[in-house]
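**Student:** What follows is a predicted structure for the sequence shown.
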There are 2 protein chains.
Amino acid sequence: MTEKISDRIPSGERREQILAAASLVFGERGYFGATTDQIAKAAGISQPYVVRMFGSKENLFVEVLARALDKLLVTFNATIDGWKADGSPADQIGRLLGTAYVNLIEDRGILLSLMQAFSMGHDPVIGAQARKGFIAIYTLLRDDAGFEPERVRTFLAEGMLLNTLLGLRLPEEYGLDEAATELLECTFQTKLQMVLDVVGEKSA
Amino acid sequence: MTEKISDRIPSGERREQILAAASLVFGERGYFGATTDQIAKAAGISQPYVVRMFGSKENLFVEVLARALDKLLVTFNATIDGWKADGSPADQIGRLLGTAYVNLIEDRGILLSLMQAFSMGHDPVIGAQARKGFIAIYTLLRDDAGFEPERVRTFLAEGMLLNTLLGLRLPEEYGLDEAATELLECTFQTKLQMVLDVVGEKSA
DNA sequence: GTCTATAGGCGGATAGAC
DNA sequence: GTCTATCCGCCTATAGAC
């Protein structure tokens, strides 16, 4: 009777906790830089249990990536559906999707994990999955949002810049460096405060 | 007399060989994913010698990153100087710099190493160096090329998309996937053949 | 469902010969 | 200037108790 019943929680719930922790840690350190022990500590459980639950570190990352891609696609789909439903002007969808993307950043780890995956084209398993996801996003923007290829390219480019600035932790220079401050304000505009808040959570 | 004199080469030259090999391997696998042994094999020497020459793996990466940033800044500066010298029209500098950037990709490892560094904001040493480099590029585009902040942002975004597509190894899907082919043609345009050639070198 | 203990392998770094 | 041998720490994964 040294342990409380409440310490034993359903495996489905544990999975979610671990996935959430993993997406944070993978987002910070990358696939190779992150250790299963760091993930375990972030989730408040033991390292072997993390491995036990997913079979391997690679499986865990694959799952994290699949969730992130899914979340992104679902969000974009919902945004497009909403736009079509209430007959907003055609030139608004770009702005709507952009806002949806920046909002997704609140789930900080998810987006950073995505970005990590996008630099792993070399890996046979993760690289293939990442390419497939990226192409799916391209297709969705072109076919469902009705973007011209050129427009899709511009939109994706903006997204990659957002990812890069976050991966660089450039918001940490906000207010300290003149050029960095200008670039951040120009890039995030009205969403800047939110981004700075998210970065500020690091001290938690 | 079991070894030839020619096997012993000046340390300055060896340094360059190792740096070249390292930038390739770091570009492929990332900082944590790459091993000093892979770098040694790529350079045709022993693993301990790599470490001996640079003191540590981290020092080596810092050096690779510094070279890559320097090469980029020097190239951009030269492009801007040339543009100013022969009085080309003001609206040409964007295209000139874009072309210069794509050309830099011939030094494949360098650019991919840059990109890897841009996702390491979390690391105290490498992250700080990467932020500094990124800000230097921003400042150069704004102050020397005379771009408006908004224009700099667009330019950087395009660059980050190029980096991402290369990191993803999307060119491997060229001709195999309809959407990927379209995106690549739209992004690289006349430079596409060059990019495909560079990727093809992998089989060497 | 969760832990402790630990095996097993890998990778960075050091020692020292040539 | 370069190698071989090797140490040591870290990290994933397994075994097995509770």
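**Tutor:** All right, it came through fine.

**Student:** So which residues make contact with stretch A:48-56?
**Tutor:** A:11, A:14, A:15, A:18, A:22, A:36, A:39, A:40, A:43, A:57, A:60, A:63 (C-beta atoms under 8 Å, 6 or more residues apart in numbering or on different chains). C-beta here means a position set from N, CA and C on the backbone, and glycine is covered the same way.

**Student:** can you do 10 Å?
**Tutor:** Here stretch A:48-56 makes contact (C-beta atoms under 10 Å, 6 or more residues apart in numbering or on different chains) with A:11, A:14-15, A:17-19, A:21-22, A:35-43, A:45-46, A:57, A:59-64.

**Student:** Quick check: buried residues in it?
**Tutor:** By neighbour count on 16 or more other C-beta atoms under 10 Å in any protein chain shown, the buried set for stretch A:48-56 is A:50, A:51, A:53, A:54.

**Student:** wait, does it contact DNA strand C?
**Tutor:** Yes - using C-beta under 7 Å from any atom of the strand, stretch A:48-56 reaches DNA strand C at A:48, A:49, A:52.

**Student:** what about the top helix by length along chain A, near DNA strand C?
**Tutor:** Counting by DSSP state H, the longest helix found in chain A is helix A:57-85. No - counting by C-beta under 7 Å from any atom of the strand, DNA strand C is not contacted by helix A:57-85; separation bottoms out at 11.8 Å.

**Student:** and that helix, what does it pack onto?
**Tutor:** helix A:11-33, helix A:36-43, helix A:47-54, helix A:93-104, helix A:108-118, helix A:124-139 (3 or more C-beta pairs under 10 Å, 6 or more residues apart in numbering or on different chains; DSSP states H and E).

**Student:** Tell me which of those helices sits most buried.
**Tutor:** With neighbours defined as mean count of other C-beta atoms under 10 Å in any protein chain shown, the helices and strands packed on helix A:57-85 peak in mean count at helix A:108-118, which reaches a mean of 25.

**Student:** so that helix versus helix B:108-118, what angle?
**Tutor:** 170 degrees (axes from the mean of the first three to the mean of the last three C-alpha atoms, to 10 degrees).

**Student:** Let me have the helices and strands packed on helix A:57-85 in CSV, adding mean pLDDT as columns.
**Tutor:** As requested, the helices and strands packed on helix A:57-85 are exported to CSV (pLDDT from 0 to 100):
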stretch, mean pLDDT
helix A:11-33, 97
helix A:36-43, 98
helix A:47-54, 98
helix A:93-104, 93
helix A:108-118, 91
helix A:124-139, 98
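
**Student:** what separates the residue nearest to residue A:11 when sequence neighbours are not counted from DNA strand D, distance-wise?
**Tutor:** Spatial nearest neighbour of residue A:11, chain neighbours left out: residue A:53 (7.3 Å); criterion: C-beta to C-beta, 6 or more residues apart in numbering or on different chains. Using C-beta to the nearest atom of the strand, to the nearest Å, residue A:53 is found at 10 Å from DNA strand D.

**Student:** how near is the residue nearest to residue A:119 when sequence neighbours are not counted to residue B:148?
**Tutor:** With sequence-adjacent residues excluded and distances taken as C-beta to C-beta, 6+ apart, residue A:119 is closest to residue B:167, at 4.1 Å. Distance of residue B:167 to residue B:148, computed by C-beta to C-beta, to the nearest Å: 28 Å.

**Student:** For the residue sitting nearest the centre point of chain A, list the residues it contacts.
**Tutor:** Residue closest to the average C-alpha location in chain A (C-alpha atoms, centre = their mean): residue A:111, at 1.4 Å. Contact analysis of residue A:111 by C-beta under 10 Å, 6+ apart lists A:23, A:27, A:68, A:71-72, A:101-102, A:104-105, A:159, A:162-163, A:166-167.
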